[in-house]
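S.K.: fold the following and give me the result.
(2 chains)
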Amino acid sequence: MTPGLRRQRALAEYTLAAMARRRGKNIGLVAVYAAVVFFVASAMLFSAALRREAAIVLSEAPELVVQNLLMGRHELMPGAAVETLAGIRGVAGAQGRLWGYFYDRVNGANYTLMVPFDPALIPPAGAAIFGEAIPRTRDHPWLGAPLFLSRHPGDLVRFNAAGQLTAAQGLVSSDLILIGEADFRAFFGLPPEVYTDIAVTIRNPREIDTIVQKAEALLPDARFVTRDEILRTYQKIFSWREGILVALAGASILAFAIFAAEKASGLSADEAREIGILKAIGWDMRDVIAMKLWEGGLVSVGAFLAGTVAAYLHVFAFGAALFAPVLKGWSVIYPDFPLAPEIDGIEMTALFFLTVLPYLAATLVPIWRIASADPDQVMR
Amino acid sequence: MSGRAPLPRATRRLRLVLALFGAGLAALALEAAHARLSRPAAELRMAASAELVRAAGLTDLALFTEARHSRNPALADLHTAFQDAPMSFGHFPSGSFAPRPAAGFGKGTLGFDADEVRR
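M.R.: Here you go, the predicted structure:
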C-alpha cells in the first residue's frame, strides 16, 4: 500500500470512528438525505419514462387532425371536407374519424367509442373489440362475455366480444371500444356523412406547414392540430408534472439544506473541540479538511446510492405507487401498464451533482473556518 | 499520524461501510443492466401500442379518463372545462397538472387578409 493510500485509509477509519460516536444523528442524517434524493429521483425517472413512452407510442398518430368549430365549440365535420382536404397537393389521404365518449352509469367510467381506420380491426356488426380495462371494470364473468350499454333508463345495447386489446397496449387503449361505422352511427344517433374530425396523412413532414396554410384557406372555421403539437402536449404535461413534483420536493430539499448547513456551520461544541484536539496533537489543516471531506462524501454518496436505488425500485418495480394517485385522479379506468425501465445517464449525473456537491460545499466552508483557527481558541 | 497502527475494530468498520457502498453500486449497476435487458421487450410493447395508434387513428393516451374534457388533452377545446357543471374547472387533479400554453393567449394579429396578417 502506498503511503498516500495508507493515509487515506487511516483518515477514513478515523472518520468512521468519529461518526460512530454520534451514530443516531448520522444515521438520521443519511436517512433524511436519502429520502430527499429518493423523491427527486423518483419524479425524474417517472416522468422521463412517461415522456419516452408518449413520444414512441404517439409517433404513429395522424400527421394532422382537422376539427370543425362552431360557436367556439368542437362541432361535427361535414363529409365533404374529407374530399376538400384530400384534394390538397401533398396530402396522401384524408379520412373521417368517428369517435365519441360514453359515460357508463353502471361503473361511472367514461369509455371512448371509436371506428378504427384499419379494416382488419373493424369488428362485424353487433360486435366490438374491447380495451383491456372494460371487462375488468364491468366484472365480466368470463372472457368474451358480451357488453351491455345503457344510454338511458330502459335502453340496452348489446355488443358481442369480437376480441380484446392486450394490457400491453393499455396506455393508448384501456377505455377503448372499437366498433363498426353502422353500429357507431346507430348507437349515437349520428346522421350519415358527418365525422367527429378528419385525420390527414401527409407523406413529407416538411410540407405540413404549407398544407395547413392551404387548408386554412379552404376551411376557415376549422382548427388544425399537427402530430408535432400532439407530441409536444404530452412532453409538456409530463415535464410540468415533474416540475410540480420537484417543486413539492423543494420544500423538503430546503428544509434539508437548512438542516445540513446548520449541522455544519453550527458545529456542535463537541465537534469543534474534537477539531481543536486534533490540531493540538499535530494534525494540520489539510488532514482536518480531508477527514471532513471523507465524512461529507460518505454521507452524501451513501444517501445518493440508497436514494436512487430505491427510486428505481419504486418507479419500475412498484409502479410508482406514491405518484400513481396523483396521476390517476378520479378515473375509474386507469391503464395498468408497466413503464419501460430506463436510466438516463445525463439525468443521473445531474442529480448526483445537484445533491452531492451542495452538501460537500455546505459542510466544508465552516470546517475551513474552524480548522484554520488557533486550537487553543477553538477548544475553549 | 500515518505511522499509527489502525485499530482492528476501525478496520472492520471501514470494511463494512465499503462493502455497503459496493453493494449500493452493484445494485445501481444491476438496475442499469435490468433497464438495458428489458429494453427489447419494452420496445416490442410500445411498438404494439404505436401500431394500434396507427391502425385505429388515435391521438391521445388513455391516461386521464376521468372526464370527457381530460381524455384527449391534445385535442381538447380550451373551453370545455365548464361543460359539465359551472364549477367543474378544478374538478380533477389532472386539471391542475396541465400547464397553460407556453406561447400564451392572445398572440394573434388582426388584418383584413392573410398577407396583412403575415406582415
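S.K.: hey, where'd the helices end up in chain B?
M.R.: Along chain B, counting by DSSP state H, helices occupy B:8-37, B:39-56, B:68-71, B:93-97, B:114-118.
S.K.: repeat for the stretch 151-300 of chain A
M.R.: In the stretch 151-300 of chain A, the helices defined using DSSP state H, counting those that start in this stretch lie at A:170-173, A:181-188, A:208-218, A:227-265, A:269-280, A:285-312.
S.K.: that older thread, ranking the helices of chain B by burial, who's on top?
M.R.: helix B:68-71 (a mean of 22; mean count of other Cβ atoms under 10 Å in any protein chain shown). Any C-beta I mention is one placed from the backbone N, CA and C, and that applies to glycine too.
S.K.: next, see if it gets close to chain A.
M.R.: Yes. Helix B:68-71 reaches chain A (Cβ under 8 Å from any Cβ of the partner chain) through B:68, B:70, B:71.
S.K.: surely the second one touches residue B:60?
M.R.: No. No contact is recorded between residue B:70 and residue B:60 when judged using Cβ atoms under 8 Å, the distance being 9.9 Å.
S.K.: domains of chain B?
M.R.: Following automatic domain parsing, one finds the domains of chain B at B:11-58, B:59-98.
S.K.: quickly check: the longest one near chain A or not.
M.R.: Yes. Contact between domain B:11-58 and chain A is present through B:11, B:13-14, B:17, B:20-21, B:24-25, B:27-28, B:31-32, B:34-35, B:38-39, B:42-43, B:45-58 (criterion: Cβ under 8 Å from any Cβ).
S.K.: buried residues in stretch A:140-159?
M.R.: Applying a neighbour-count criterion of 16 or more other Cβ atoms under 10 Å in any protein chain shown, one finds A:140, A:147, A:149, A:159 buried in stretch A:140-159.
S.K.: how about the residues you listed in CSV, adding distance to chain B, secondary structure and pLDDT?
M.R.: Listed next are the buried residues of stretch A:140-159 as CSV, based on distance: Cβ to the nearest Cβ, whole Å; DSSP: H, G, I helix; E, B strand; the rest coil; pLDDT from 0 to 100:
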residue, distance to chain B, secondary structure, pLDDT
A:140, 18, coil, 86
A:147, 16, strand, 92
A:149, 16, strand, 90
A:159, 16, strand, 94
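S.K.: re the thing from before, reformat the domains of chain B as CSV; add mean pLDDT.
M.R.: Output for these, formatted as CSV (pLDDT from 0 to 100):
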stretch, mean pLDDT
domain B:11-58, 92
domain B:59-98, 66
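S.K.: on that earlier part again, just the residues of helix B:68-71 next to chain A now: which is nearest residue A:66?
M.R.: Distances from the residues of helix B:68-71 next to chain A to residue A:66 were compared by Cβ to Cβ; the smallest belongs to residue B:71, at 19.1 Å.
S.K.: hmm, back to that, which of the buried residues of stretch A:140-159 sit farthest apart?
M.R.: A:140 and A:149 (13.2 Å).
S.K.: mind checking the backbone torsions on the spatially closest residue to residue A:230 that is not a sequence neighbour?
M.R.: Spatial nearest neighbour of residue A:230, chain neighbours left out: residue B:74 (4.0 Å); criterion: Cβ to Cβ, 6 or more residues apart in numbering or on different chains. Dihedral angles of residue B:74 (phi, psi; degrees, to the nearest 10) stand at phi -70, psi -20.
S.K.: can you give me the neighbour number for residue B:74?
M.R.: 20 (other Cβ atoms under 10 Å in any protein chain shown).
S.K.: was I right to think it contacts residue A:227?
M.R.: No. Between residue B:74 and residue A:227 there is no contact under Cβ under 8 Å: 9.3 Å.
S.K.: helix, strand, or coil at residue A:113?
M.R.: Per DSSP: H, G, I helix; E, B strand; the rest coil, the secondary structure class of residue A:113 is strand.
S.K.: touching, residue A:108 and residue A:332? I think so.
M.R.: Yes. Look at residue A:108 against residue A:332 with Cβ under 8 Å: they come within range, at 5.2 Å.
S.K.: which of these two has more neighbours?
M.R.: residue A:332 (16 against 13).
S.K.: what about the nearest residue to the more buried one once chain neighbours are set aside, neighbour count?
M.R.: Among residues not flanking residue A:332 along the chain, residue A:109 sits closest, at 3.8 Å (Cβ to Cβ, 6+ apart). Residue A:109: 21 surrounding residues under other Cβ under 10 Å.
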